[in-house]
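Peer 1: generate a structure from the sequence data that follows.
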Amino acid sequence: MKTLWAALLVSLVCIGKVDSLWCYRCEDEPSNWNCMKMVKCAETDRYCTTTVTTSGRDSNASYRLNKKCVPTCTENFIDTGRGSVSTKCCESSLCNISGANSVKISSAVMALGTLASFLYIFRSGL
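Peer 2: Below is the predicted model:
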């Protein structure tokens, strides 16, 4: 059984290095639930990004999410007092699942998202 798990782990690592990067993609969405579309990135893309734009403060705050593939990325956080813009970068497939760094994702939700991602990739015929 340990051999099977080791072989699966090695194959997943190899698949990740051979295949193109996959990222979640969305534009100007108010909720992370609307940002679960997976796309295969161009060969030149090296990063998945998530940009969260906040307008307003406290209970009047509204959020907009943008996720995409990019060839280069610079993480930043800008707070204007009336809102903020935060960009996060990551380098592995489907790593931009979270809508914001402050959002805590439970292990069950993370496991479910990972399982759904693998099912989608294998069903789409790589």
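
Peer 1: next, the buried residues of stretch 59-75.
Peer 2: Using 16 or more other Cβ atoms under 10 Å as the test for burial, stretch 59-75 gives 63-70, 73. Bear in mind the C-beta positions are built from the backbone N, C-alpha and C, glycine included.

Peer 1: export it as PDB, just CAs?
Peer 2: What follows is stretch 59-75, C-alpha atoms only, in PDB (Å, rounded to 0.1, in the frame of the first residue of the first chain):
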ATOM      1  CA  SER A  59     -20.200  46.400   7.100                       C
ATOM      2  CA  ASN A  60     -20.400  48.500   4.000                       C
ATOM      3  CA  ALA A  61     -17.400  46.900   2.300                       C
ATOM      4  CA  SER A  62     -17.800  45.200  -1.100                       C
ATOM      5  CA  TYR A  63     -15.300  42.900  -2.700                       C
ATOM      6  CA  ARG A  64     -14.300  42.100  -6.300                       C
ATOM      7  CA  LEU A  65     -12.100  39.100  -7.200                       C
ATOM      8  CA  ASN A  66     -10.000  38.600 -10.300                       C
ATOM      9  CA  LYS A  67      -8.100  35.400 -10.900                       C
ATOM     10  CA  LYS A  68      -5.900  34.500 -13.800                       C
ATOM     11  CA  CYS A  69      -2.700  33.100 -15.300                       C
ATOM     12  CA  VAL A  70       0.300  35.500 -15.800                       C
ATOM     13  CA  PRO A  71       3.900  35.200 -17.000                       C
ATOM     14  CA  THR A  72       5.300  37.500 -14.200                       C
ATOM     15  CA  CYS A  73       3.800  38.600 -10.900                       C
ATOM     16  CA  THR A  74       4.500  41.100  -8.100                       C
ATOM     17  CA  GLU A  75       2.600  40.700  -4.900                       C
END
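
Peer 1: dump the residue contacts of the nearest residue to V39 once chain neighbours are set aside.
Peer 2: Spatial nearest neighbour of V39, chain neighbours left out: R25 (4.5 Å); criterion: Cβ to Cβ, 6 or more residues apart in numbering. The contact partners of R25, taken as Cβ atoms under 8 Å, 6 or more residues apart in numbering, are 35, 37-39, 67-69.

Peer 1: if we use 7 Å, what do you get?
Peer 2: Counting by Cβ atoms under 7 Å, 6 or more residues apart in numbering, R25 makes contact with 37, 39, 67-68.
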